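Visitor: sequence unknown, structure follows:
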Ligand code: EPU
C-alpha cells in the first residue's frame, strides 16, 4: 500500500512532458503478437498497468526489451497458453488477448478482465462480435474459452461504440477470412493508434477514427513499428492542475484535436490558455464560472476527465452539474472531496451537483479508482495544509512518473510505502 503526501497550495511553473497514452499502449502491446516476429513501440508510459500486461506477454513466451521509453517485443516463439485469473484481473486491457490470440491461434482461454471498479463494465459487445466472426464462446464461472476453426469476416453492428470492443474485433478480424466491417465503431484516438500499427504490419484497414471501420483479414504480417500517441487524459489532468495553480505552466506533447471538448469547456468557464505547436501554456484562473458537463464518447467530454474536472469545479462560482453517461459508479471520489471542504451532492445515479467556490483543507483520504485518485491528488494540490492519499497505487496505474513530474514544477509531494 503506498501513500501520497501533499503539502498543498504551491504555485506550479515550468514544463511537464506528457507520456504515451495508457489506453493506446495497453492495446498496442498485445497487438504486437500479430507481427511476424519483432515490433518496436515508442513512447510507452511508465505505469503499472503496462507492467501487469508485460507479465502476460512473458507468460506467452514473448521476449521484451526496454530501451528508454521504447519496447522491443519479439513474439517469434509465442506459445498459446491459458491466461490465469490472477494475471487477467490485474487490469482491464487483458481482454485484448482475446482478439489477438483468437486471430493468431483460433483459441484463447482467459478470465473476465479486472480494472477500476467504476461500474459493471460487461464485455458482451466483444463476445457478440467474436461470435459473429464465427467463434464459439464458452463461459464457466467468469472463465472464457473462445475457439474458432475459421474466423470469417462479416458486417457487424455495435449496439454501443465501445472502445475495447472496437479494438478487440479489429484485432480478431486480422485473423479472419475476408473483410470485416464494424458499424457504429468507437472513434477514440486509441482506435486510430492501434489501426496505424496494424496497417504498418501490412493489414488493410480503412476508416479508423470514423463510425465505420473495414478490416481485411491478412495471413502474412510484417514486423511492426509505432509510436504511442500522447495521453489525452494525462494532458487534460495537467491542464486542469495548471488552471488551478499554474504560473505560465507549460504542458508539452499535447494533440489539440484529442482534447477539444475539454479545451472548449475551459474557455466557456473563463479559463485562458495558449497553444504553440505541441505545447499548451496555462496560468491560474481566479474567476472560474460554473457549468454543465455531460460525459460522452469521443469527441464528447471524456468520462476519464470527469473526476479531475469535479475538483476544478469546486473552485467555480455557482452551481455546476455533471452528468455521467458512461459508468454508473464514478462519483466515489466526492465522498472525500466533501471531507476536504467541497460541497457536492449526488442527485441521482448519474448526476452530480457541485457548489463553489469552496476552500479545500488537507486531510487523510482514500483513492478508490484511478481517475478518482487523480481528482483527490488535484484536491490535495490546491488544499491548505497536508493531504494524505491512501491506496495511491490506483493513481500510478495511469499517471507515469507523477511524483517526479509534479515535483519538477514546484509541488511539495512525496510517495511512501
Ligand atoms: N460496455 C458494454 N458492453 C461491452 C463494452 C462496453 O455495455 O461489451 C459499456 C461499458 O459498461 C461502459 C461503456 O460501454 O458503460 C463504455 O465502455 P468501453 O468499452 O468504451 O470502455 P472500455 O473499453 O471498458 C476504455 C478505457 C477506459 C475508458 C473507456 C472510454 C481501457 C483499458 N480503458 O474502457 O479507461 O473510460 O474506454 O473511453 O482502454 C481509465 O483510463 O480510467 C479508463 C477507465
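Guide: Sure, I can see it. Note that the coordinates shown come from a computational prediction; the quantities given were computed from them, not determined experimentally.

Visitor: in the chain, what residue comes closest to the ligand?
Guide: Closest to the ligand within the chain is residue 164: 2.7 Å, counting by Cβ to the nearest ligand atom. Every C-beta, even on glycine, is put in place using the N, C-alpha and C of the backbone.

Visitor: how much space separates that residue from residue 48?
Guide: As judged by Cβ to Cβ, to the nearest Å, residue 164 and residue 48 stand 19 Å apart.

Visitor: what about those two, which has more around it?
Guide: Using other Cβ atoms under 10 Å, the more surrounded residue of residue 164 and residue 48 is residue 164, with 24 against 16.

Visitor: helix, strand or coil for that one?
Guide: Of the three states, residue 164 takes helix under DSSP: H, G, I helix; E, B strand; the rest coil.

Visitor: per-domain residue ranges of this structure.
Guide: By the record's domain assignment, the chain is partitioned as 3-19+230-416, 22-227 (automatic domain parsing).

Visitor: who in the chain is up against the ligand?
Guide: By Cβ under 6 Å from any ligand atom, the residues of the chain that approach the ligand are 22-23, 26, 92-93, 116, 119, 121-126, 160, 162-165, 186, 188, 303-304, 326-327, 370-371, 398.

Visitor: what separates the residue of the chain closest to the ligand from residue 317, distance-wise?
Guide: Using Cβ to Cβ, we find residue 164 at a distance of 38 Å from residue 317.

Visitor: can you check residue 89 too?
Guide: For residue 89, the distance to residue 317 (Cβ to Cβ) stands at 43 Å.

Visitor: what of residue 46?
Guide: 38 Å.

Visitor: now swap in residue 138 and tell me
Guide: Relative to residue 317, residue 138 is positioned 56 Å away (Cβ to Cβ).

Visitor: those two: who's more crowded?
Guide: Neighbours per residue (other Cβ under 10 Å) separate residue 138 from residue 317, with residue 317 holding more: 14 against 10.

Visitor: distance of that one from residue 244?
Guide: For residue 317, the distance to residue 244 equals 14 Å [Cβ to Cβ].

Visitor: how about residue 73?
Guide: From residue 73 to residue 244 the distance is 39 Å (Cβ to Cβ).

Visitor: and if you look at residue 84?
Guide: Distance from residue 84 to residue 244, counting by Cβ to Cβ: 43 Å.

Visitor: again with residue 238
Guide: From residue 238 across to residue 244, the span is 11 Å (Cβ to Cβ).

Visitor: any idea which helix or strand carries the closest residue to residue 215 other than its chain neighbours?
Guide: Closest residue to residue 215 apart from its sequence neighbours, by Cβ to Cβ, 6 or more residues apart in numbering: residue 173 at 4.0 Å. Assigned by DSSP states H and E, residue 173 falls within helix 163-174.

Visitor: list the strands paired with the next helix or strand along the chain from that helix, with their directions.
Guide: Scanning forward in sequence from helix 163-174 by DSSP H and E, the next helix or strand is strand 179-183. When pairing is defined by DSSP bridges, strand 179-183 lines up against strand 155-157 (parallel), strand 212-216 (antiparallel).

Visitor: tell me the angle of the last one relative to helix 163-174?
Guide: It stands for strand 212-216. Strand 212-216 and helix 163-174 are oriented at 30 degrees to each other (axes from the mean of the first three to the mean of the last three Cα atoms, to 10 degrees).

Visitor: could you look up the next helix or strand downstream of strand 212-216?
Guide: Later in the chain than strand 212-216, the nearest helix or strand by DSSP H and E is strand 224-227.

Visitor: ok, residues contacting that next one?
Guide: For strand 224-227, contacts defined as Cβ atoms under 8 Å, 6 or more residues apart in numbering pick out 20, 28, 31-32, 34-35, 39-43, 193, 196-198, 200-201.

Visitor: among the residues you listed, which are located in strands?
Guide: Residues of the contacts of strand 224-227 located in strands (DSSP state E): 39-42.

Visitor: just the buried ones from those residues?
Guide: By neighbour count, with 16 or more other Cβ atoms under 10 Å, the ones in strands among the contacts of strand 224-227 hold 39-41 as buried.

Visitor: can you add distance to residue 54 and pLDDT and give those back as CSV?
Guide: Listed next are those as CSV, based on distance: Cβ to Cβ, whole Å; pLDDT from 0 to 100:
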residue, distance to residue 54, pLDDT
39, 13, 97
40, 15, 98
41, 11, 98
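
Visitor: sort out which of the residues of the chain next to the ligand are buried, if you could.
Guide: Buried among the residues of the chain next to the ligand (16+ other Cβ under 10 Å): 22-23, 26, 92-93, 116, 121, 123, 125-126, 162-165, 186, 188, 303-304, 326-327, 370-371, 398.

Visitor: which residues does the residue sitting furthest away from the middle of the chain contact?
Guide: Residue distances from the centre of the chain (Cα atoms, centre = their mean) peak at residue 149, which lies 33.1 Å from the mean C-alpha position. Going by Cβ under 8 Å, 6+ apart, residue 149 touches 106, 134.

Visitor: then residue 52?
Guide: By Cβ under 8 Å, 6+ apart, the contact list for residue 52 reads 87, 90-91, 94.

Visitor: neighbour-wise, give me the winner out of the residues you listed.
Guide: residue 94 (26 neighbours).

Visitor: contacts for stretch 309-318, please.
Guide: Contacts to stretch 309-318, defined as Cβ under 8 Å, 6+ apart, come from residues 240, 243-244, 262, 265, 269, 287-291, 293, 320, 322, 333-334, 337, 342-344, 352, 354-358, 360, 375-376, 378-379, 382.

Visitor: just the buried subset of those residues, please.
Guide: Buried among these (16+ other Cβ under 10 Å): 240, 243-244, 262, 265, 269, 288, 290-291, 293, 320, 322, 333-334, 337, 342, 344, 352, 354-358, 360, 375-376, 378-379, 382.
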